[in-house]
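# Make a model of this:
(one chain, ligands or ions: 2)
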Amino acid sequence: MGLMSGKRGIVFGVANEMSIAWGIAQQLKEHGAEMAFTYLNGSLEKRVRPLAEQLGSSIILPCDVSKDEDIEAVFEELRKEWGSIDFVVHAVAFADREDLKRPFSQTSRDGFKLAMDISAYSLVAVTRCAIPLMNEGGSVLTLTYLGAQRAVPNYNVMGVAKAALEASVRYLASELGEQQIRVNAISAGPIRTLAASGIANFRTKIKLMDDFAPLRRTVTQEEVGKSATYLLSDLASGVTGEVHYVDAGFSTVVSA
Ligand code: NAD
Ligand code: 0WE
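Ligands and ions are numbered 1, 2, ... in the order given. A predicted model of the protein is given here:
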């Protein structure tokens, strides 16, 4: 019997085999979970469908999290197919690429709104639609980054959006605890994914990890997946409203 045997859930945010969401899904499968997947658009469907099928999934749906009707349609489909769910993985973020380069003070109103909508509000919208389907003991997990808590060069408007995301985790957790639904975040160290490609000086973030993180390296998608499995399982039945760091200890030290 696996940790996740008999549990069903949905994973938002697989783009390809490098995605953190894919690392999480593989671990969840290893421990017996059954999963549905969403993809952003048609060109990503070609990537996501074969990956989902590899884990024995047949519920593979389009969802742009900036559209309430997309999110509603996804959960309506889950209601028809399964009736209820046990977990949600939210691994979605987006900001205008230019806003991760320019000085933070140059962030436009539209750029700020876009980052907040896709990277923070979407957790609220997804959770709201999930609530009526969630079994007692259900668990919601999102992904965040240290830039929510400290000013990390170039993370800029994404750091502000992640701060809003982390606060949303606490408010959702405080509200949903009554229904025994838990809400947590994993703050992952830098990992080479699609969302990290084209980030100026991403190599320097990895180098900082190799030089200063207690484990003298960054973390892997598999390591994030292992902690995610714990937080989504009944092993973490007493854990909610938390930001759990999977960053090789980087956030706990200072280079002096
Ligand atoms: P990724 O590019 O593989 O995943 C990001 C996902 O967001 C993609 O699947 C993309 O399709 C999806 N997305 C973007 N806009 C969307 C929209 N409007 N609707 C629906 N989906 C949308 O990259 P990743 O690094 O695996 O990112 C997953 C999560 O992990 C993000 O929240 C990211 O902020 C977080 N994170 C990443 C790192 C890192 O260094 N890679 C570190 C800490 C946290
Ligand atoms: O959350 C992220 C990245 C999120 C992201 C990435 C992109 C690139 C492509 C959001 N929007 C976009 N928009 C695009 O057009 N991470 C935690 C990875 C990351 O990004 C950084 C980092 C780290 C770490 C940007 C600057 C500094 C560090």
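
# Give me every residue in the stretch 101-250 of the chain lying close to ligand 2.
By C-beta under 6 Å from any ligand atom, the part of the stretch 101-250 of the chain that sits against ligand 2 consists of 145, 152, 154-155, 158, 190, 195-196, 198-199, 205. Placement of C-beta: from N, CA and C, glycine included.

# Among those residues, which ones are in strands?
In this view, those have no member that belongs to strands under DSSP state E.

# Please produce a ChimeraX select command covering the buried subset of these.
Per 16 or more other C-beta atoms under 10 Å, the buried members of these correspond to this ChimeraX selection:
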select :145,152,154,155,158,190,195,199,205
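
# which residues touch V239?
Residues near V239 by C-beta atoms under 8 Å, 6 or more residues apart in numbering: 182, 184, 231.

# hmm, back to that, from the residues of the stretch 101-250 of the chain next to ligand 2, which has minimum pLDDT?
The member of these with the lowest pLDDT is G198, and it reads 82.

# distance of that one from R49?
Taking C-beta to C-beta, to the nearest Å as the criterion, G198 is separated from R49 by 25 Å.

# Is whatever helix or strand E77 lives in in proximity to ligand 1?
Using DSSP states H and E, E77 sits in helix 68-81. No - Helix 68-81 is not in contact with ligand 1 by C-beta under 6 Å from any ligand atom; minimum separation 7.8 Å.

# Which secondary structure elements does that helix sit against?
With contacts taken as 3 or more C-beta pairs under 8 Å, 6 or more residues apart in numbering; DSSP states H and E, helix 68-81 sits against strand 34-39, strand 60-62, helix 122-130.

# Single out the most deeply packed of the ones you listed.
Highest mean neighbour count of those: strand 34-39, a mean of 23 (counted as mean count of other C-beta atoms under 10 Å).

# next structured bit after that strand?
For strand 34-39, the succeeding helix or strand toward the C-terminus, using DSSP H and E, is helix 42-54.

# Give me the contact list for that following helix.
For helix 42-54, contacts defined as C-beta under 8 Å, 6+ apart pick out 14-17, 22, 25, 35, 37, 39, 58, 60, 62.

# can you put those in JSON lines and add pLDDT and distance to ligand 1?
Written out in JSON lines, the entries for these read as follows (pLDDT from 0 to 100; distance: C-beta to the nearest ligand atom, whole Å):
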{"residue": "V14", "pLDDT": "98", "distance to ligand 1": "6"}
{"residue": "A15", "pLDDT": "98", "distance to ligand 1": "3"}
{"residue": "N16", "pLDDT": "98", "distance to ligand 1": "6"}
{"residue": "E17", "pLDDT": "98", "distance to ligand 1": "9"}
{"residue": "W22", "pLDDT": "98", "distance to ligand 1": "7"}
{"residue": "A25", "pLDDT": "98", "distance to ligand 1": "11"}
{"residue": "M35", "pLDDT": "98", "distance to ligand 1": "15"}
{"residue": "F37", "pLDDT": "98", "distance to ligand 1": "10"}
{"residue": "Y39", "pLDDT": "98", "distance to ligand 1": "7"}
{"residue": "S58", "pLDDT": "95", "distance to ligand 1": "20"}
{"residue": "I60", "pLDDT": "98", "distance to ligand 1": "13"}
{"residue": "P62", "pLDDT": "98", "distance to ligand 1": "9"}
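
# Same list (those) but as TSV, adding distance to ligand 2.
Formatted as TSV, those follow (distance: C-beta to the nearest ligand atom, whole Å):
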residue	distance to ligand 2
V14	15
A15	11
N16	14
E17	17
W22	16
A25	18
M35	22
F37	20
Y39	17
S58	30
I60	23
P62	20
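
# Output the set of residues of the chain in proximity to ligand 1.
Counting by C-beta under 6 Å from any ligand atom, the chain comes close to ligand 1 at 13-15, 19-21, 40, 44, 63-66, 91-94, 118, 143-145, 188, 190-191, 193-196.
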